[in-house]
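J.: the following block contains a protein sequence and its predicted model.
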Amino acid sequence: MKVPPQTSEIFESLIKGQFISSNSSNPDIRKLYAIIEDDQNFEELYAYFRNINFTLEKGEEYFYFSRVENKVDLERKIEIAFRWIDIIDFFKNFDNSFGSGHRFTPSDILGRVKIDADLESKLEGLKKHTGKEKYQEIIEKLLSMLVNDTYIELENAITHQYKVLASFKYLEQLILTINIPEEVKNEISK
Amino acid sequence: MNTFSNVKELITALNREQKLLTEMFQKRKSLSYKYEYALDLVEGQDSRIQYLLERSVIRLNGNFLEIDDQFLQFFEQVLEINEEINTSYINENIQNIRQNIIYYFNEPNEQRKYNYLRIIKNTLRKLGSITLRNVVDLKRNIETTFKNEPTYKIKKTKLENLDKKRKDIAVLIDLTDKLIYEDELTFFKSALDEELNRIIIQLKIQVGKCTHNLIDIEKQIIDFLNQIKYQNNVIEKLRIIKHLKDQFILRTVTDFDSLLSLNSSVLFEPNPTFPLKLSLEYLQTDEDAYASIKKVVKRVGSSSTLKRALAEKISSEYLETQNEEEIQINLEEVKNGFVASGYNLFDFVVNYNFSKVVTFDERVTIFCQLISQYESIFEVTENFKEENEVEFAMVYPK
């Protein structure tokens, strides 16, 4: 079996639960993406990682790992998914087009919080996930959480501009796959 | 209302006020160009603004000035920065060509016939460039709308309207095609001259370009609309899910639990750590490893040394010099005096005239001190005496 020389880098990144996104501004990540995207490489990497019980998953413009056998208990997953729902809800409220390719700065968010009471109350609600008190600190903590999970990245350190990566679609997909019964939906819409 | 009587007058007027018009044209989006600002640019001559107002080059709207729509459109079109896509203009030109073709056929006079042909040529030439311009404008408008329009509903409607415009242009292109290839075949065959031929080829190339561009625009618009729809879906769904979650019923009314239990993504796992042991052989033989060990030892060693507790600063009070006088009794002198006298030591000490007041008890102490210090030159006899309840030995100099 012949795998690309960057296999260890790919593994190191994916094993941490991170994503390899096509629109990263880091050229190293883009290079890794290009390598995995190659059909032949993908097949080989898929088979290679399969041997050690990982599945290389292909999303829309991003790659990530899943286990062949589930290793995490449900409670932990629910806790994490709940946190994400709160966080995505906040950012989607901040800007409806918050999604892959979107660019923003923390001060944009802070500015909106000041004039949008709904957004402010949502930010208040995020205190429990961040353990911070000041708005600015909460936002910074949220952003660092998203950066660590590779959903966004700091594109320009001077202007403090962040960019949403393709992997954000994973979260959107997760939301879309939740099946809400029609009657519940109708009830809420009313 | 006055009008310009000829082109020269118009151009002279525009040239004279070029500063003002340029400035106003640049600020045309803000819609708030104050009369006072304008006065500064015409060197405070109110009459010059009045002149433009009278000829409807600019209009007064409350306290604000704006360029008249006719001129604004003219500038925008000539400079190719217009944002409105005007399909009626294309349509008008097509009609114009058709009419002129009819005139052309019915006109017996060669001279006039030639005039009509000239108009047709001009219009055909215009038609191509206008259509192309419209297509370019459309493309730019679509992208600007998608990227810059913040409100979702407006963005969607705007894009849908632009899509309608695209269809209109497509229809007009079809009409143009039909005009050249089918409807007026007789004309294009009979009135053929070299220039017309060239214009038609040019027009065909431009129309072809437009068609290709339109196909691309259609693709893009569909893509944009899909993206908006997708985003909208996500937002709608997210809203409901967030609501359910806040009501604590998300897990019961939806398939949330089963969905997550099927999801085995690594990203739900805590960050893995790999506590691997180093190879002993490597540690013992490798030069780099040795250097690293030394580094670690240096770090660990230095951090484990206790920091010495520093005493507090000595208060300056302690450092001040203070004089204290104490009168010391010189035992040597007392002894010398005693040796010279003939008394016994005790009586001598009791009666000795010291330079300060000395009590009886102190005198007894001095007595003892003298004996212990100068024992060798004193003779301590076995005889005892008693005074003030103190029993003492009789001591004489040797």
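T.: Sure thing, it's come through.
J.: for stretch B:6-23, measure first residue to last.
T.: With Cα to Cα, to the nearest Å as the measure, stretch B:6-23 spans 25 Å from end to end.
J.: who's in contact with the host helix or strand of B:Ala393?
T.: Remark: B:Ala393 resides in strand B:390-397, with elements defined by DSSP states H and E. Under the contact criterion Cβ atoms under 8 Å, 6 or more residues apart in numbering or on different chains, strand B:390-397 has outside partners B:338-339, B:344-346, B:364, B:367, B:371, B:377-386. Every residue, glycine included, has its C-beta placed from N, CA and C.
J.: same question, stretch B:149-166
T.: The set of residues external to stretch B:149-166 that reach it, using Cβ under 8 Å, 6+ apart, is A:96, B:85, B:87, B:138, B:141-142, B:145-146, B:214, B:217-218, B:221, B:224-225, B:228, B:231-232.
J.: buried subset of those residues, written for ChimeraX?
T.: For anyone working in ChimeraX, the buried entries among the contacts of stretch B:149-166, judged by 16 or more other Cβ atoms under 10 Å in any protein chain shown, can be selected with:
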select /A:96 /B:85,87,138,141,142,145,146,214,217,221,224,225,228,231
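J.: in helices only, show me the contacts of stretch B:149-166.
T.: Judged by DSSP state H, the subset of those located in helices is B:87, B:138, B:141-142, B:145-146, B:214, B:217-218, B:221, B:224-225, B:228, B:231-232.
J.: what is the nearest of those residues to chain A?
T.: B:Gln231 (6.2 Å; Cβ to the nearest Cβ).
J.: just checking, that closest one touches A:Asp95?
T.: No. With contact defined as Cβ atoms under 8 Å, B:Gln231 does not count as touching A:Asp95 (10.4 Å).
J.: hmm, stretch A:26-42 in reach of chain B?
T.: No. Stretch A:26-42 does not reach chain B (Cβ under 8 Å from any Cβ of the partner chain); its nearest approach is 15.2 Å.
J.: now that stretch: buried residues?
T.: Using 16+ other Cβ under 10 Å as the test for burial, stretch A:26-42 gives A:29, A:32-33, A:35-36, A:41.
J.: would you map the strands across chain A?
T.: Ranges of strands within chain A are A:20-21, A:54-58, A:62-67, A:103-104, A:152-156, A:161-164, based on DSSP state E.
J.: now the ones you listed as a markdown table including distance to A:Phe11?
T.: Shown next, in a markdown table, are the strands of chain A (distance: least, Cβ to Cβ, whole Å):
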| stretch | distance to A:Phe11 |
| --- | --- |
| strand A:20-21 | 11 |
| strand A:54-58 | 8 |
| strand A:62-67 | 9 |
| strand A:103-104 | 30 |
| strand A:152-156 | 20 |
| strand A:161-164 | 25 |
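J.: out of these, the one nearest B:Gln111 is which?
T.: Nearest to B:Gln111, of all these, is strand A:103-104, at 64.6 Å by Cβ to Cβ.
J.: that closest one near chain B anywhere?
T.: No. Using Cβ under 8 Å from any Cβ, strand A:103-104 never reaches chain B; the gap is at least 11.0 Å.
J.: elements contacting that strand?
T.: strand A:161-164 (3 or more Cβ pairs under 8 Å, 6 or more residues apart in numbering or on different chains; DSSP states H and E).
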